[in-house]
Every structure is written in structure tokens, then in C-alpha cells.
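Peer 1: Turn this into a structure:
(one chain, ligands or ions: 2)
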Amino acid sequence: MSFAEARTAGSPALSVSGLSKAFGGVQAVKDVDFQVAEGELLALIGPNGAGKSTCFNMLNGQIRPDRGSVKLSGEELVGRSPAQIWRRGVGRTFQITATFPSMTVAENVAMVLMSQARELFSFTRSAVNRHRAKALQLLDMVGMAGQADRPCGVLAYGDLKRVELAVALGNEPRVLLMDEPTAGMAPRERVELMGLAARLAHELDVAVLFTEHDMDIVFSHADRIIVLSRGELIAEGDAEQIRSDPLVLKTYLGEGQVYGQDKKPKD
Ligand code: ADP
Ligand code: MG
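Peer 2: Ligands and ions are numbered 1, 2, ... in the order given. Okay, the predicted model is just below:
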């Protein structure tokens, strides 16, 4: 059994079926079915406008689907609010502007832990310190424990992204959604962040769904890949299968197709 098959053989954390959404006359997502297993890093790829972000926003409750079902370990999520879905264990990485630049890295993570424990009403320095141990443990997971006492405002962009990941892990998610997590990052930082996401998925048994434009990163990190084109899933498989899929080659990866920020065809 290949690695990818071993992963998909795990129990599905998230099961999506018949997911559909139209905006006016545009069918952004149409009858999309897929599952993400515990401990699996699943890449959702496709050209700009394919419907990837709309899918993510339906999974986390920000957009209500026209049709379809999203089940977390068998429990229906469609119709629930983003906060309810988040509390049930569907985490997502946010824009890092959500952190407080003058507070330290550890304090920022502790704040999230407090909000999870619904202790924000008693926000004091001593309360933050009570959550420090857990914050440091999370920062250690993302390789940021050494910078715990630096203000968030002075961190490099790639390091902020790691803190963002630690914050998302604070909710002990069963599913983690990452829509273009490496946007704006340098190539080396991108590889490192996706390597980290893969390690966390495998070690913590979290189901991770992510989008990424750099196909080298997708092919080297994802356990399995699904391809969206004009709102519909057109392929599913491991890197080798996706690389050689005729329909994927024609619609997305083929010569002259724009699929990566660094790979735009010359004018
Ligand atoms: P991707 O993330 O793959 O680039 P999106 O999910 O953002 O694609 O968009 C899919 C399609 O839906 C596009 O045609 C886009 O213009 C349209 N779309 C997305 N969000 C909205 C919206 N809020 N209102 C109207 N059209 C939208
Ligand atoms: Mg998008």
C-alpha cells in the first residue's frame, strides 16, 4: 500500500458531498464531493476563480451552501455559524493582522487560549501568565519557542505565519483549513511552512486541507491532491497521478497555463 493510500484508509475527519454555491449567474462550486482523513494533508488546487476559496468558506460556515453536506466525524456542519464550527474543531489560519504587534509572541498565543477558555473578561497579566506553559508548548510545535518573548511586531513574515499556525492549533482542531497559507512568502519560507503543516498533520492526526499555487510544493508535501476547475472536481490522486492526468494537464498544468506566481508565461 502506498503512503497516500495508507493515509486515505484512515477514518474521514471531514466528508463533503454535493457541495454547491452560485453567485448570481456564476456557479462558483458545483456538486463537489471529497473527504479528508485524520492525519492527511490534502491539497485543493485549481486555476484562479476555480472556486477554492468559496469551498473553504462553506466548510468554515462563512458562506452557506445552496446545496450539499459537510460532515465532521459524521456531524452535519451546514447551517451552523463559523463560531460553532470552530468550537467543534474546524480550525483555520487567519491573516496575521489578528495578532497584537506590541504584545509578545507568547502573550498573543495565550490570549487565544484564554478566549477558548472564555476567560477574556478576566484579562490580566497574571491570567495571561497562567496560559504561558500551554502557549510555549504550542510555540515549540511550530519552532517558535525561542522567540516567545519577542513582540509580534518585530517578527519576520514567515515567523508570523508560524505563530498563526500555533494559534490555530490552540483550538486543538481535528480539521485545519489553510487557504493559500504561503501567500506573500519567500520560496524557502513556503517550503518550510508546508513541511511544518505536513509534519503537524501526521504527528497530531489533524486533517489538513490547503491551497497552494506552487506546484513543486504541492507535489512534494501533499498526501493527496484534488483539482477544481470552474467549480467542479476534475481529478483526484497522488502527485504522480495528478501530474500525468490528461484533463489536469489540459486545464491547469499544461504548457502556457498560469499556475504559479513564479511561472507566468512571458508576454
Ligand atoms: P479561487 O479561490 O479558486 O480563486 P473563488 O472561490 O474565489 O475562486 O471564486 C470562484 C468564482 O466565484 C469566481 O468566478 C469568483 O468571481 C466568484 N465569486 C467568489 N466570491 C464571490 C462573491 N462573494 N460574490 C460574487 N462572486 C463571487
Ligand atoms: Mg482563492
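Peer 1: Give the helix, strand or coil label for the residue in the chain positioned nearest to ligand 2.
Peer 2: Distances between the chain and ligand 2 by CB to the ion are smallest at residue 53, namely 3.2 Å. The way it works is simple: take the backbone N, C-alpha and C, and place the C-beta from them, glycine included. The three-state assignment at residue 53 reads helix, by DSSP: H, G, I helix; E, B strand; the rest coil.
Peer 1: how distant is the strand or helix carrying residue 158 from the center of its chain?
Peer 2: Taking DSSP states H and E as the definition, residue 158 sits inside helix 157-169. With CA atoms, centre = their mean, to the nearest Å as the basis, helix 157-169 stands 12 Å off its chain's centre.
Peer 1: following that helix, which helix or strand shows up next?
Peer 2: strand 175-178.
Peer 1: Output the next helix or strand after that following strand as CSV - backbone C-alpha positions only.
Peer 2: Going down the chain from strand 175-178, the next helix or strand is helix 187-204, by DSSP H and E. Extracted in CSV, the C-alpha atoms of helix 187-204 (Å, rounded to 0.1, in the frame of the first residue of the first chain):
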residue,chain,number,x,y,z
PRO,A,187,10.1,30.4,-1.7
ARG,A,188,12.2,29.0,1.1
GLU,A,189,9.7,30.1,3.8
ARG,A,190,6.9,28.5,1.8
VAL,A,191,8.6,25.1,1.7
GLU,A,192,9.3,25.3,5.4
LEU,A,193,5.8,26.2,6.3
MET,A,194,4.3,23.4,4.2
GLY,A,195,6.8,21.0,5.6
LEU,A,196,5.7,22.1,9.1
ALA,A,197,2.0,21.7,8.2
ALA,A,198,2.7,18.2,6.8
ARG,A,199,4.5,17.2,10.0
LEU,A,200,1.8,18.6,12.2
ALA,A,201,-0.9,16.8,10.2
HIS,A,202,0.9,13.5,10.5
GLU,A,203,2.0,13.8,14.2
LEU,A,204,-1.1,15.3,15.6
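Peer 1: Who are the packing partners of helix 187-204?
Peer 2: In terms of contacts (3 or more CB pairs under 8 Å, 6 or more residues apart in numbering; DSSP states H and E), helix 187-204 is packed against strand 41-45, helix 157-169, strand 175-178, strand 207-210, helix 215-221.
Peer 1: Deepest-packed of these, please.
Peer 2: Mean neighbours per residue, mean count of other CB atoms under 10 Å, is largest over the helices and strands packed on helix 187-204 for strand 207-210, with a mean of 28.
Peer 1: Give the partner strands of that one in its sheet and their orientations.
Peer 2: Paired strands of strand 207-210, with direction, are strand 41-45 (parallel), strand 175-178 (parallel) (DSSP bridges).
Peer 1: Can you add mean pLDDT and give these back as a markdown table?
Peer 2: Formatted as a markdown table, those follow (pLDDT from 0 to 100):
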| stretch | mean pLDDT |
| --- | --- |
| strand 41-45 | 97 |
| strand 175-178 | 96 |
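Peer 1: So for residue 15, which of those sits nearest?
Peer 2: Ranking these by proximity to residue 15 (CB to CB) places strand 175-178 first, at 10.7 Å.
Peer 1: show me where pLDDT drops low in the protein?
Peer 2: Within the chain, the ranges that satisfy pLDDT under 70 run 1-10, 94-98, 118-123, 255-267.
Peer 1: mind running it again at 80?
Peer 2: Scanning the chain for pLDDT under 80 picks out 1-10, 94-99, 115-129, 254-267.
Peer 1: What parts of it come near ligand 2?
Peer 2: Taking CB under 5 Å from the ion as the contact definition, the chain meets ligand 2 at 52-53.
Peer 1: if I look at residue 53, how far off is ligand 1?
Peer 2: Distance from residue 53 to ligand 1, counting by CB to the nearest ligand atom, to the nearest Å: 3 Å.
Peer 1: So residue 78: helix, strand or coil?
Peer 2: Following three-state DSSP, the label given to residue 78 is coil.
Peer 1: If residue 12 is in a bridge, with which residues?
Peer 2: As for beta bridges, residue 12 partners with residue 37 under DSSP bridges.
Peer 1: Domain boundaries for the protein, per the record?
Peer 2: Using automatic domain parsing, the domain parsing of the chain gives 1-89+173-267, 100-172.
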